[in-house]
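In: Model the structure of this input:
(chains A and B)
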Amino acid sequence: MLRIINLLTAPTGGVYYFHGCPVPGNTREQVNIQRKMSLVFQKTILFKESVWNNVAYGLRARGYSREEIYERVGSLLDQVGLSDLAKRRADTLSGGEAQRVAIARSVAFDPELLLLDEPTANLDPYNIELIEEMITTLNREKGITVVIVTHNVFQARRIADEVIFLDKGEIVEMGSAEKIFTNPEHEKTRLYVEGKVVF
Amino acid sequence: MTRLFEGILEAFQLIFSLDPDLLQIVFLSLRVSISAIIIATILGVPMGAFLGLKPEKKPRLISKIIYTFMGIPPVVGGLIIYLLLSRQGPLGVLGLLYTPSAMIIAQVLLATPIITGLSLVGIRSKGPEIVETARSLGADPMLATWTVIKESRLSIFGAIITGFSRVIAEVGAVMIVGGNIAGRTRVMTTAIVLETRRGNYELAIGLGLVLLILAFVINSFLYNIQKGGQAN
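Out: As a prediction, the model looks like this:
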């Protein structure tokens, strides 16, 4: 689903609307829409370059000036506590550090929409807390809409405002986090949020 | 064994005396092989990237053809270029036969499939994931492809080193299209063949040693660039 939203995969059916308009088939226009969002994959791929160059990648792709890149990357690395690692080769980072770099790289250019696929899978509790805090800050302070795909019901409860519960690709129930977690309408949702069954 | 030692001794004498004939042969060998490898890289790397990023089902036939051409015998490659460039051939009007240009063309034919095939394998292993990551960060198709090439630089340098090793040591194709003309198209490998036939084994061994030393120096240079890419 996230790949369809990010225009990396064409949907097999239906129409994809972005800002109320159907997405055009033209590659150039698709690139323009793609540049309004970014996706962090479950399996993080960082380029075999420095942390700094990784975070600067999206800015360079958008033609930002050298000064602007310097300013934005420097300030972002400060905010996420990665300044010390700026010159480190990205493929030598730990799992938690790599995920933080991947998220920082995806928000350096202020996307309207940030898509996260299982952003804390296989991470230790300390890094999970750091990343959840990072996601919440991006949403609350920078106003970036964040869509997270997660199997972790507790995580969804901790950080989501709106929840869509999917089963086998179909929407079972959607609504505010409060409603879904305290008063679900659907039996499947109730069993899942109570931890009685895993779909 | 005596011949071998005499050959080694003669090689050092040739190197340190800066024999003009030897230098001419060495420079022509380097000019032909380096030009060929540069052209083969320009052709082979983008082709390898293009094929490596296509879904595996589609380019299967073309991949098989490239893998086959990776093992093409140099004499067969030379024969093809000879027939194309000979006076009766479709490109005979260019008058390139028995010139260094013809030798470069023949070596490009031998090196391009190697660079394409090995780049293709390196790019196919991680390329699609890198393209998706680059595109999700706003890269257009051109930048995404360039990112894949940069990320696969270790495999690509490996491909270039292999291609260079093939052409610098190659004799059949350059012999056919170059003609081994003294002062014009004589390179180290063809000179070794000639001196062996003449019975000048010492000189042949000496040239062989020079060839090995040069191959070692150039491959070390490329290897250092490759390791540098790994460290930076």
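
In: Any regions of chain B where pLDDT drops low?
Out: Applying pLDDT under 70 to chain B picks out residues B:1, B:56-59, B:228-232.

In: which bits of it sit near chain A?
Out: B:126, B:129-130, B:132-141, B:143, B:147, B:150-151, B:232 (Cβ under 8 Å from any Cβ of the partner chain). Bear in mind the C-beta positions are built from the backbone N, C-alpha and C, glycine included.

In: who are the neighbours in contact with the residue nearest to the spatial centre of chain A?
Out: The centroid of chain A falls nearest to A:Leu116 when counting by Cα atoms, centre = their mean (2.6 Å). Shown in contact with A:Leu116 (Cβ atoms under 8 Å, 6 or more residues apart in numbering or on different chains): A:Leu39, A:Val40, A:Ile103, A:Ile135, A:Val146, A:Val147, A:Ile148, A:Val149.

In: quick check: longest helix of chain A.
Out: The longest helix of chain A (DSSP state H) is helix A:125-142.

In: Going along the chain, name the strands of chain A.
Out: Listed in chain order, the strands of chain A (DSSP state E) span A:17-18, A:21-22, A:37-40, A:113-117, A:145-149, A:162-167, A:170-176.

In: my guess is A:Pro24 contacts A:Gln30, does it?
Out: Yes: shown here, A:Pro24 and A:Gln30 form a contact pair, counting by Cβ atoms under 8 Å, at 6.8 Å.

In: Which of the two has more residues huddled nearby?
Out: When A:Pro24 and A:Gln30 are compared for neighbours, A:Gln30 comes out ahead with 16 against 12, by other Cβ atoms under 10 Å in any protein chain shown.

In: and residue 90, how many neighbours does it have?
Out: No chain was given, so I picked chain A. Using other Cβ under 10 Å, A:Ala90 has 23 other residues around it.

In: wrong chain, I was asking about chain B
Out: There are 10 residues near B:Pro90, going by other Cβ under 10 Å.

In: tell me which residues in stretch B:194-205 are buried?
Out: For stretch B:194-205, burial by neighbour count (16 or more other Cβ atoms under 10 Å in any protein chain shown) applies to B:Leu194, B:Glu195, B:Asn200, B:Glu202, B:Leu203, B:Ala204, B:Ile205.

In: again, but for stretch B:170-183
Out: By neighbour count with 16+ other Cβ under 10 Å, stretch B:170-183 contains the buried residues B:Glu170, B:Val171, B:Gly172, B:Ala173, B:Val174, B:Met175, B:Ile176, B:Val177, B:Gly178, B:Gly179, B:Asn180.

In: helices or strands next to the helix or strand harbouring the fourth one in the packing?
Out: Assessed by DSSP states H and E, B:Ala173 sits inside helix B:172-178. In this structure, helix B:172-178 packs against helix B:74-85, helix B:100-136, helix B:188-198, with contacts taken as 3 or more Cβ pairs under 8 Å, 6 or more residues apart in numbering or on different chains; DSSP states H and E.

In: now, of those, which is deepest in the fold?
Out: Stretch with highest mean neighbour count among those: helix B:100-136 (a mean of 24; mean count of other Cβ atoms under 10 Å in any protein chain shown).

In: That helix packs against which elements?
Out: strand A:37-40, helix B:20-53, helix B:60-70, helix B:74-85, helix B:141-151, helix B:153-168, helix B:172-178.

In: if you set the cut-off to 6 Å instead, what comes out?
Out: Packed against helix B:100-136 by the contact rule (3 or more Cβ pairs under 6 Å, 6 or more residues apart in numbering or on different chains; DSSP states H and E) you find helix B:20-53, helix B:60-70, helix B:74-85, helix B:141-151, helix B:153-168, helix B:172-178.

In: Near A:Asn6, how many other residues are there?
Out: There are 21 residues near A:Asn6, going by other Cβ under 10 Å.

In: which non-adjacent residue is nearest it?
Out: Leaving out its chain neighbours, the residue that sits closest to A:Asn6 by Cβ to Cβ, 6 or more residues apart in numbering or on different chains is A:Leu39, at 4.3 Å.

In: Mind listing the residues bridging to that neighbour?
Out: Here A:Leu39 sits in beta bridges with A:Leu115, as judged by DSSP bridges.

In: Can you give the distance of stretch B:116-135 from its chain's centre?
Out: 23 Å (Cα atoms, centre = their mean, to the nearest Å).

In: From B:Thr189, how far off is A:Arg3?
Out: 52 Å (Cβ to Cβ, to the nearest Å).

In: Which residues of chain A lie near chain B?
Out: A:Asn6, A:Leu8, A:Val31, A:Arg35, A:Ser38, A:Leu39, A:Ile45, A:Lys48, A:Tyr57, A:Gly58, A:Ala61, A:Arg62 (Cβ under 6 Å from any Cβ of the partner chain).

In: Which one of those sits in the busiest neighbourhood?
Out: Busiest of the residues of chain A next to chain B [other Cβ under 10 Å] is A:Ser38, holding 27 neighbours.

In: and that residue, what does it touch?
Out: Residues near A:Ser38 by Cβ atoms under 6 Å, 6 or more residues apart in numbering or on different chains: A:Ser106, A:Pro111, B:Ser136, B:Leu137.

In: That one: what's its closest spatial neighbour, skipping adjacent residues?
Out: Sequence neighbours aside, A:Ser106 is the residue nearest to A:Ser38 in space, at 3.9 Å (criterion: Cβ to Cβ, 6+ apart).
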